[in-house]
Structure formats: C-alpha cells, structure tokens
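Student: Attaching a predicted model along with its sequence, questions to come.
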Amino acid sequence: MPGAAAISFSGVDSSLSSLRNCQSYINTGMDIATRVALDLVESFNDVEEVDGVEKVMLEYAAMDRELNHYMTAIEETVHQIKRDKPENIPDLQYLVKEKFTALESKNSDSDLQANEKYTYFKDQLKEMRKQFRLQSGDGNESIEQIDEDIAVTQSQVNFICPITQMEMKKPVRNKVCGHTYEEEAILKIIQTRNQQKKKVCCPKIGCSHADVKKSNLVPDEALKRAIDSQRRQR
C-alpha cells in the first residue's frame, strides 16, 4: 500500500527471544520437579510430598500456558500488521493485549493437564509406583489392583532391550506404542534408516508401529531407576 508506515520489528524479535528463554527455565524447573517426585516415590515418601510437587507442576504448566499465549498474541499481531500494511503505526501494545486476553479467556484446567511435561510427570509417577510396588512386595493393594498392576507391568519388568538383548542402561520409551529400548541402539537404527530414506518399525516383536521417530522417544526414568535398583540388589 503506498505510503504505508515503515515499522521495525527488531524490538519484537528481542522480546520473543527473551520469552523463549523464560520458557526454557520453566521447562528446566518441571524436569527438576519430576526428578524430585520420583526420588520421593523411590524412598516411599510419596503421599503428601508428591501431591505438593504435583501442585508445583501445575503452577509451572500455568506459567507455560501464559507465556505461550503471550508469544502467540505477539506473533499474530506482527503477522496481521505485515499483511495489512497500515498507513499509520498501530498501537502494538493494545493489539497484543487484546489478542492475549482473548486467548486467556478460553483457559481451562484441561489445558494444564494436557501440558506435555505434566503428562510425562504423571505417566512416570504411575510407572514408578508400579515398578517399586512390585519390587517391594507391597501387599496392601487389593487383589484386583495387583492383578491390574501385574498385567500392565509385565513388559516393564523386562529390563532387556529388544534390540541389543541386553539389560538397558538408558531406556527410552516410545510414546506411540509404549515400548522401551536402549537409547543409543534405537537412535542408531533411526539414523541409519533415515539415511536410507526408510521408516523404522518398532523392534518389539508383534508391535504394529511402523514409523518410529526420534520425536516419539522420551527418557523412561521410572524404568531406569527400577533397573538400577535391581542392579544394586544383585
């Protein structure tokens, strides 16, 4: 548009960079909180203490959501201005606040529970309790609960990597199919197959997942701790 205002977005880019740094600190905090919770479960002090850590995780998730909304509001505002090319320089602060408020108005508790790191926290906590309940021979659970736990953890108590056929030292879990592998072994397969431009099938016999990606893999801290505990007992 002739005569459109020339707007510099260098300051905006700097602000976004700072916000991303803040987000990395939040992620680090959530990682630390997860490890603390697993430590509590491993030492069998996992009632009120773990509940307290979970509240901290939800607070982190809320901060992460707020940062995401703010960054989204900034990015959408910049995109809108670049697209519309207004003749007069608009009030960026007002436009960003307007979009941010609209995003925040849609907040719900389910947003926090869907946070990827919070989901990982809950999943690892559940697996950790199963692993160490099984190892401790805890008889305080109902028969139905024990049957369910044993059924779910049959594959978890198998500490052997399906690739190396050796006990795992650094297990990673496939978020898609739930199977675990030695990290170095599965990453080597993924790298080799990627170079061949081929997909990677899950190495676990009988698994139908035929497109394993590096992004599918997460550290299985609960399984690693269970393996380490068994190794110390031996």
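Tutor: Sure, I can see it.
Student: okay, CA-based contacts and neighbour counts for the rest of this
Tutor: OK.
Student: Name the residues of the lengthiest helix in the chain that come out as buried.
Tutor: Longest helix in the chain, counting residues (DSSP state H): helix 48-84. Neighbour-count burial for helix 48-84 flags 50, 53-54, 56-58, 60-74, 76-78 (criterion: 16 or more other CA atoms under 10 Å).
Student: Contacts for the next helix or strand after that helix next, please.
Tutor: Note on helix 48-84: by DSSP states H and E, the next helix or strand toward the C-terminus is helix 92-104. Residues outside helix 92-104 that contact it (CA atoms under 8 Å, 6 or more residues apart in numbering) are E66, H69, Y70, T72, A73, I74, T77.
Student: ok, now stretch 38-57?
Tutor: Contacts of stretch 38-57 (CA under 8 Å, 6+ apart): M30, A33, T34, V36, A37, Y118, Q124, L125, M128, R129, F132, A222.
Student: do stretch 65-80 as well
Tutor: In contact with stretch 65-80 (CA under 8 Å, 6+ apart) are residues 9, 12, 16, 19, 23, 92, 95-97, 99-100, 103-104, 111-112.
Student: C-alpha coordinates for it, PDB please?
Tutor: In PDB, the C-alpha atoms belonging to stretch 65-80 read as follows (Å, rounded to 0.1, in the frame of the first residue of the first chain):
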ATOM      1  CA  ARG A  65       0.400 -21.600  29.000                       C
ATOM      2  CA  GLU A  66       0.500 -17.900  29.800                       C
ATOM      3  CA  LEU A  67       3.800 -17.500  28.000                       C
ATOM      4  CA  ASN A  68       2.600 -19.400  25.000                       C
ATOM      5  CA  HIS A  69      -0.500 -17.200  24.800                       C
ATOM      6  CA  TYR A  70       1.600 -14.100  25.000                       C
ATOM      7  CA  MET A  71       4.000 -15.200  22.400                       C
ATOM      8  CA  THR A  72       1.100 -16.200  20.100                       C
ATOM      9  CA  ALA A  73      -0.500 -12.900  20.600                       C
ATOM     10  CA  ILE A  74       2.700 -11.100  19.600                       C
ATOM     11  CA  GLU A  75       3.300 -13.300  16.600                       C
ATOM     12  CA  GLU A  76      -0.300 -12.900  15.400                       C
ATOM     13  CA  THR A  77      -0.200  -9.200  15.800                       C
ATOM     14  CA  VAL A  78       3.000  -8.900  13.800                       C
ATOM     15  CA  HIS A  79       1.600 -11.100  11.100                       C
ATOM     16  CA  GLN A  80      -1.500  -9.000  10.900                       C
END
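Student: This completes my enquiry, with thanks.
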